[in-house]
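> This is a predicted model, with the sequence first.
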Amino acid sequence: MGVSRLDVFYRRLLLSKLFIGGWGKPEDLKRIFEFRKIIGDRERCRSLVPKDYPVHINKTEEHIDCHIHNGFFISPLEHFVPGILPPEAVKARFQFIVPKRWQKNRPVCIHLAGTGDHFFWRRRTLMARPMIKEAGMASLLLENPYYGYRKPKDQLRSCLKNVSDLLVMGGALILESTVLLRWLEREGYWPLGMTGISMGGYMASLAVTNWPKPIPLIPCLSWSTASSVFTTGVLSKAVNWKELEKQYAINSVYEEEIIKLLDYCGADSFKMGPDFSKNVDSLEHLLGLSGDYRGSLHDNNTLQGKKTDLAKCCRPSLHRESISFMKAVMDECTHMANFSVPVDTSLIVVVQAKEDAYIPRTGVLSLQEIWPGCEVRYLNGGHISAYLFKQNVFRRAIYDTFDRFCLKYPNLH
């Protein structure tokens, strides 16, 4: 099936670039990869976040149908990998939207933010308030690191400055979700579940792999890895490849040291096979690389008389190597196969758009392969149209999954 024209058109309207700062500090990448090995193993993480981890409510608003509590806590990632978070992101902020009248039990769904979803208004308006009216379900909205109040001063809108920022965001949200789930348990809420749309769906999936109990998970418009998003999806056009290629070529630490830390799901990241080569060719076409640019990468004669660093930047394989390195880095930290399988995969309902150009599904492991027993529901259309017009379908999937949990685990409090 083809990709949505609306997805492609919408991406072309956005001129901002991702990762203008490059890969991030090599030492930060090394620390992230080492910590990923810890949080990727649920058994090793059982005692990372104490059950009584302090959470604070500092403001409460009363509305006709609900109470809205604003709260905060210190991200546990600051304790385990000190200094990896920007100072603005160390304090995790959330909004807890609680119905005045419960319909059945006291269910709470944690919503993680998708790309560009700063503060809380979008999730509160499109998901949380309707969920109170339709199902009497509470919602807890966690603010992502690098977004809203947690956005670094030198970051332009939603455009993460470094590749490492996305990886730090994921590690932080895994631990922060655990804090909130433990807090909600202490406060007597049940059942508890997690959801998110687009990037929020990825992050919710990562967080649930770390939770030691059965839990409803509803990732919407996301898939098994973020690697394809940044290497073959339409969002790859927003990546600042020139800066990434330059840093990769000049600083040998990426090629000689960091690659050795990557498990890449047990595969050699630089032996992608014919399918990956085809994807790279498609990416070059998508990026609109001119013949002169491609020629400069493949014509050794252009290197004569150039400085050594320029020669490194123009070596024939550099473009493909940089894409391969991006794929390996993303798979290491976002591929679900590198994390524990959720305790009960029958409590996972994935909602996916058939023509999604942002989240390519070809050439990567499916969620059904990684999480046998999960359910996938497909929508017609692409990423943007699903987000704009199918919020009610996302909510229906949440209600169905929570009902499934209550039937299967009526006494699991």
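In hand now; what should we look at?

> Where do the strands of the stretch 251-400 of the chain begin and end?
With DSSP state E, counting those that start in this stretch, the ranges of strands along the stretch 251-400 of the chain come out as 349-353, 375-379.

> for those strands, which one sits closest to D7?
strand 349-353 (8.7 Å; Cβ to Cβ). Yep, even glycine has a C-beta here, placed from its N, CA and C like the rest.

> Between strand 375-379 and that closest one, find me the angle.
30 degrees (axes from the mean of the first three to the mean of the last three Cα atoms, to 10 degrees).

> hang on, the earlier thing: comparing the strands of the stretch 251-400 of the chain, which comes out most buried?
strand 349-353 (a mean of 23; mean count of other Cβ atoms under 10 Å).

> now for the strands of the stretch 251-400 of the chain, which one comes closest to A128?
strand 349-353 (17.5 Å).

> If you count contacts, what does the closest one end up packed against?
Where contact means 3 or more Cβ pairs under 8 Å, 6 or more residues apart in numbering; DSSP states H and E, strand 349-353 is packed against strand 217-220, strand 375-379, helix 383-389, helix 391-408.

> and Q95, how many neighbours?
Q95 has 22 neighbours, counted by other Cβ atoms under 10 Å.

> quick revisit: export the helices and strands packed on strand 349-353 to CSV and tack on distance to E61?
Shown next, in CSV, are the helices and strands packed on strand 349-353 (distance: least, Cβ to Cβ, whole Å):
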stretch, distance to E61
strand 217-220, 27
strand 375-379, 34
helix 383-389, 27
helix 391-408, 23
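
> Would you reformat those as TSV and include distance to L48 and mean pLDDT?
TSV is the format used below for the helices and strands packed on strand 349-353 (distance: least, Cβ to Cβ, whole Å; pLDDT from 0 to 100):
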stretch	distance to L48	mean pLDDT
strand 217-220	20	97
strand 375-379	30	95
helix 383-389	33	90
helix 391-408	24	97
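
> which residues does L347 contact?
Each residue near L347 by Cβ atoms under 8 Å, 6 or more residues apart in numbering is listed here: 214-217, 401, 404-405, 408.

> between these, which is nearest F73?
Using Cβ to Cβ, I215 comes nearest to F73 of the contacts of L347, at 20.0 Å.

> Helix, strand or coil: sort out that closest one for me.
coil (DSSP: H, G, I helix; E, B strand; the rest coil).

> That one and D65, how far apart?
Distance, I215 to D65, using Cβ to Cβ, to the nearest Å: 26 Å.

> Tell me which of those two has more neighbours.
Each of I215 and D65 has its neighbours counted (other Cβ under 10 Å); I215 has more, 23 against 12.

> Quick check: the gap between the more buried one and T115.
Taking Cβ to Cβ as the measure, I215 falls 24 Å from T115.

> R42 too?
Distance from R42 to T115, by Cβ to Cβ: 27 Å.

> Now the nearest residue to D331 once chain neighbours are set aside. Its backbone dihedrals?
Leaving aside its sequence neighbours, D331 sits nearest to S227 (Cβ to Cβ, 6 or more residues apart in numbering; 4.6 Å). Dihedral pair for S227: phi -60, psi -40, per degrees, to the nearest 10.

> hang on, isn't S227 packed against V364?
Yes - counting by Cβ atoms under 8 Å, V364 is a contact partner of S227 at 7.1 Å.

> More neighbours: these two, which one.
Neighbour comparison, S227 and V364: the larger count goes to S227, with 26 against 22 (by other Cβ under 10 Å).

> where does the stretch 251-400 of the chain have low pLDDT?
Along the stretch 251-400 of the chain, the parts satisfying pLDDT under 70 run over 263-316.

> Sketch out the helices for it, chain order is fine.
Counting by DSSP state H, counting those that start in this stretch, one finds helices in the stretch 251-400 of the chain at the ranges 252-256, 273-287, 291-298, 308-313, 318-334, 367-370, 383-389, 391-408.

> Buried residues in the last one, which are they?
Think helix 391-408. Residues of helix 391-408 classed as buried by neighbour count (16 or more other Cβ atoms under 10 Å): 391, 394-399, 401-402, 404-406.

> Quick check: the gap between the nearest residue to E143 once chain neighbours are set aside and D7.
Spatial nearest neighbour of E143, chain neighbours left out: R93 (4.6 Å); criterion: Cβ to Cβ, 6+ apart. For R93, the distance to D7 equals 31 Å [Cβ to Cβ].
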